[in-house]
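In: Coordinates for the following, if possible.
(one chain, ligands or ions: 2)
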Amino acid sequence: MASKPRTLYEKIWDSHVVERLDDGTCLIYIDRHLVHEVTSPQAFEALRLAGRRVRRPDLTLAVPDHNLPTTARVAADGSRLPIEDAQSAAQLAALERNAPSFGIDYIDAVAPEQGIVHVVGPEQGFSLPGATIVCGDSHTAAHGGVGALAFGIGTSEVEHVLATQTLQLRQSKSMEVRVEGTLGPGVTPKDLILHIIGVIGTAGGTGHVIEYRGRVFEEMSVEGRLTVCNMSIEGGARAGLIAPDDKVFAYLEGKPYAPKGQDWNRAVKWWRSLATDEGATFDKSIVIDAADVEPTVSWGTSPEDVVPVGGRVPSPDSFADPSKQEAARKSLDYMGLAPETLIEDIAVENIFIGSCTNSRIEDLRAAAEVLNGRTKAPSVRWAIVVPGSGLVKRQAEAEGLDRIFTNAGFEWREPGCSACLAMNPDKVPPGERCASTSNRNFVGRQGPGARTHLVSPAMAAAAAVTGRLTDVRKLPPCQADDG
Ligand SMILES: CC(C)[C@H](C(=O)O)[C@@H](O)C(=O)O
Ligand code: SF4
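Out: Ligands and ions are numbered 1, 2, ... in the order given. The predicted structure follows:
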């Protein structure tokens, strides 16, 4: 008898069930555990107090990212520069101590491979298709871009995974986000995911794992898929993933942690079998027309507060739901924006190109293409590019992108989370605006009182050039070519 058609998510789930428990939850095997400095210190401490070891140190990889300054980390004499903030210094020191003492691979702050944990995982071939991947971090969904079931966990779960390599979970519902048609010129994966969150809302995916489906995703680069899946959590979903294909296999083959030789061939064979079966059903399904997607900008303090760049800041009265009206009023007040303002009339003083959403090489190329031969507007006070990892940084430098950025008036930084969140020295000052390629525009996210507009890398670059939010498609073609 033919077995019931299953989704990608169901196949990964089923293959990781260790035990089905009476209360309807399952004990799930975890294949990969990524660890950073913010959510791990208490977990390691608890293990130490209980006299426990890490069950599978070989399936665990630690890298610092959130608290590290993105300015130089080494002094002229080769010594490591101190971390000024006491809490950051303590968390970083704890990770540096805990990783070796529990036998975990550790990418140190000055290692060439250091970077944001969600950039490093796929880049090192640590994140694999069909794998269950966790990290004490909400943007773990990013790894769904390689076809993994990846999700964020809390510190007590970090401890549980360290100790047992399993998690007790209830299976989520499945949700399909199907995008039909093709994206227009100048419309990027970031615009698409912002648009999707605008359509489904920040609670649209609650209780679900999203599978992104349709030709747009088949044609999308692996890095673009990582960007889309990264923001699944902003749509409320537990995780987001895309069926692994030849592009993913080519991306991962030969990476340091990826399987080799016969193991690789066996793995690819299994990965190919994971795609959602014909006839499988989803608990919820949303269809998006790619032709509706424009370069997209956030205007408020929630990632669902988005409009096409050619649009206007909405009026709170335009929302039917009174609680939405109230939220919009509060957002506009915080953002210092009047209803009906043209998006392209909004001036920005800060530009941040970075974060686990948009700091990979393709993101930097897209921004550099816009900036080549141009300079930032004098009204733009602070513009930084923060590569997602040391390897991205080196690759960008080999391509001369760093010079394009610095010639345009940007600072070229060391890898880390940086101004994505105000947990390190990179902050946007109170009352100032930032065109940011990151994923959250929450109140205070980029610093107390900072006002964030979420955009794609190309759009952030366009805003740097004009000093206001700008449709990148309207910038005249660039003259200079120093590449
Ligand atoms: C600090 C960390 C726990 C947090 C997260 O869980 O996502 C951060 O990465 C973020 O993006 O807000
Ligand atoms: S870059 Fe931003 S979103 Fe990503 S892990 Fe760091 S703080 Fe979180």
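In: Quick check: Gln395 is in a strand.
Out: No. Looking at Gln395 with DSSP: H, G, I helix; E, B strand; the rest coil, it is helix, so not inside a strand.
In: quick one: contacts for it?
Out: Taking CB atoms under 8 Å, 6 or more residues apart in numbering, we find Gln395 in contact with Ile361. Glycine gets a C-beta too; all of them are placed from N, C-alpha and C.
In: so what's it scoring on pLDDT?
Out: For Gln395, the model assigns a pLDDT of 98.
In: Could you measure from it over to Gly254?
Out: Distance from Gln395 to Gly254, counting by CB to CB, to the nearest Å: 15 Å.
In: same check, this time on Asp191
Out: Taking CB to CB, one finds Asp191 at 31 Å from Gly254.
In: got it, and Ala435?
Out: Taking CB to CB, one finds Ala435 at 36 Å from Gly254.
In: Which of those two has more residues huddled nearby?
Out: Set Ala435 next to Gly254 and count neighbours by other CB atoms under 10 Å: Ala435 wins out with 29 against 10.
In: Contacts for the host helix or strand of that one next, please.
Out: Assigned by DSSP states H and E, Ala435 belongs to strand 433-436. Residues from elsewhere that reach strand 433-436 (CB under 8 Å, 6+ apart): 336, 346-352, 355, 419-420, 428, 446, 450-455, 459-460, 463-464, 469.
In: one more time with 6 Å, if that's ok
Out: 348-352, 428, 446, 451-453, 455, 460, 463 (CB atoms under 6 Å, 6 or more residues apart in numbering).
In: burial measure for Asp14, as a count.
Out: Asp14, neighbours per other CB under 10 Å, totals 11.
In: oh, I was asking about Gly78
Out: Around Gly78 there are 7 residues (other CB under 10 Å).
In: how close does it get to Val110?
Out: Computed as CB to CB, the Gly78 to Val110 distance reads 10 Å.
In: now Gly240, what's its secondary structure?
Out: strand.
In: any idea of the pLDDT on it?
Out: So Gly240 comes in at 98 (pLDDT).
In: Likewise for Leu192?
Out: The model reports Leu192 with a pLDDT of 98.
In: quick check: mean pLDDT across stretch 368-381?
Out: Rounded mean pLDDT across stretch 368-381 is 98.
In: What parts of the stretch 301-450 of the chain come near ligand 2?
Out: Applying CB under 6 Å from any ligand atom, we find that the stretch 301-450 of the chain lies next to ligand 2 at Ser355, Cys356, Cys417, Cys420, Leu421, Ser438, Asn439.
In: Who wins on neighbours among those residues?
Out: Busiest of these [other CB under 10 Å] is Cys417, holding 31 neighbours.
In: Determine which residue lies closest to the centroid of the chain.
Out: Centroid check for the chain by CA atoms, centre = their mean gives Thr357 as the closest residue, at 3.2 Å.
In: right, is the longest helix that the chain contains up against ligand 2?
Out: Taking DSSP state H as the criterion, the chain has its longest helix at helix 86-101. No. Residues of helix 86-101 are not located near ligand 2 by CB under 6 Å from any ligand atom, the shortest gap being 13.0 Å.
In: Run through the neighbouring helices and strands of that helix.
Out: helix 41-50 (3 or more CB pairs under 6 Å, 6 or more residues apart in numbering; DSSP states H and E).
In: so after the helix it packs on, what's the next helix or strand?
Out: From helix 41-50, the next helix or strand downstream (DSSP H and E) is strand 60-62.
In: what packs against that following strand?
Out: Using 3+ CB pairs under 6 Å, 6+ apart, strand 60-62 is in contact with strand 32-35.
In: Show me the longest strand that occurs in the protein.
Out: Longest strand in the chain, counting residues (DSSP state E): strand 173-180.
In: now that one, how far from the chain's geometric center?
Out: For strand 173-180, the gap between its own C-alpha mean and the chain's C-alpha mean amounts to 19 Å (CA atoms, centre = their mean, to the nearest Å).
In: Also stretch 338-355?
Out: With CA atoms, centre = their mean, you get 21 Å for stretch 338-355.
In: The residue nearest to Pro100 when sequence neighbours are not counted bridge partners, please.
Out: Spatially, and ignoring its direct neighbours in sequence, Pro100 is nearest to Tyr106 (6.3 Å; CB to CB, 6 or more residues apart in numbering). Bridge pairing for Tyr106 (DSSP bridges) gives the partners Ala62.
In: Quick check: Tyr106 touching Glu96?
Out: No. Tyr106 lies out of contact with Glu96 (CB atoms under 6 Å); the separation is 7.1 Å.
In: The stretch 301-450 of the chain: helices as residue ranges?
Out: Secondary structure of the stretch 301-450 of the chain (DSSP state H, counting those that start in this stretch): helices at 322-335, 361-371, 390-398, 401-407.
In: Please identify the deepest-packed of these.
Out: Greatest average neighbour count among the helices of the stretch 301-450 of the chain goes to helix 361-371 (a mean of 24), per mean count of other CB atoms under 10 Å.
In: Give me the number of neighbouring residues for Val386.
Out: Count around Val386 with other CB under 10 Å applied: 28.
In: going forward, begin numbering at 52 instead of 1
Out: OK, 52 is where the count begins now, so the last one is Val437.
In: could you list every residue that touches the closest residue to Arg106 other than its chain neighbours?
Out: Counting by CB to CB, 6+ apart, Gln216 is the residue found nearest to Arg106 once chain neighbours are left out, at 4.5 Å. Neighbour list for Gln216: Ile81, Arg106, Arg107 [criterion: CB under 6 Å, 6+ apart].
In: what's the closest of these to ligand 2?
Out: Ile81 (18.9 Å; CB to the nearest ligand atom).
In: Neighbour-wise, give me the winner out of the contacts of Gln216.
Out: For the contacts of Gln216, the largest neighbour count, defined by other CB under 10 Å, is 26 neighbours, found at Ile81.
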